[in-house]
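>>> Predicted model, plus sequence, below.
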Amino acid sequence: MDDFAHNVLLLDFYSALLTDKQRNMYHKRYCEDMTLAEIGHELKISRQAVRETVLITQRKLEELEADLQLIALHKTSRVYLDELKLALENGDISEGKRILTALDQLIMEG
């Protein structure tokens, strides 16, 4: 996954834990693909102020993911669900049960 997509996922999972200012600037930067200068102009603040806020927000989001690992859990769950779908499409009930057990264990531990 590229950095841009990763940053959008971080915002999707953890935006509620950001201040309005952090959420707004990070969203403009990564969801609206605005440059730091464009954000600064729109908000009437310096490009440097935007840059600092985006970097601080990035660090906070990365720390949240390191601690909570919600994105990692989501990605692993998606892999299990894709495997489960394939097993069921192939009529492999025992493999489906094995995957379902592994997915259940992942969710219970997560």
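Yep, it's here.
>>> Now for T57, how many residues are close by?
Applying other CB atoms under 10 Å, we find 26 residues neighbouring T57. In short, each C-beta sits where N, CA and C put it, glycine included.
>>> contacting residues for it?
18, 22, 25-26 (CB atoms under 8 Å, 6 or more residues apart in numbering).
>>> element containing it?
helix 47-68 (DSSP states H and E).
>>> For that helix, list every residue counted as buried.
50-51, 53-54, 57-58, 60-61, 64-65 (16 or more other CB atoms under 10 Å).
>>> tell me which of these is nearest to G96?
Using CB to CB, E65 comes nearest to G96 of those, at 30.3 Å.
>>> Please look at that closest one and K75 and confirm they touch.
No - using CB atoms under 8 Å, E65 and K75 do not qualify as a contacting pair, with a distance of 11.2 Å.
>>> Just put the contacts of T57 in JSON lines and tack on neighbour count, pLDDT and distance to I107.
Shown next, in JSON lines, are those (neighbours: other CB atoms under 10 Å; pLDDT from 0 to 100; distance: CB to CB, whole Å):
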{"residue": "L18", "neighbour count": "19", "pLDDT": "98", "distance to I107": "26"}
{"residue": "Q22", "neighbour count": "19", "pLDDT": "98", "distance to I107": "30"}
{"residue": "M25", "neighbour count": "27", "pLDDT": "98", "distance to I107": "34"}
{"residue": "Y26", "neighbour count": "25", "pLDDT": "97", "distance to I107": "28"}
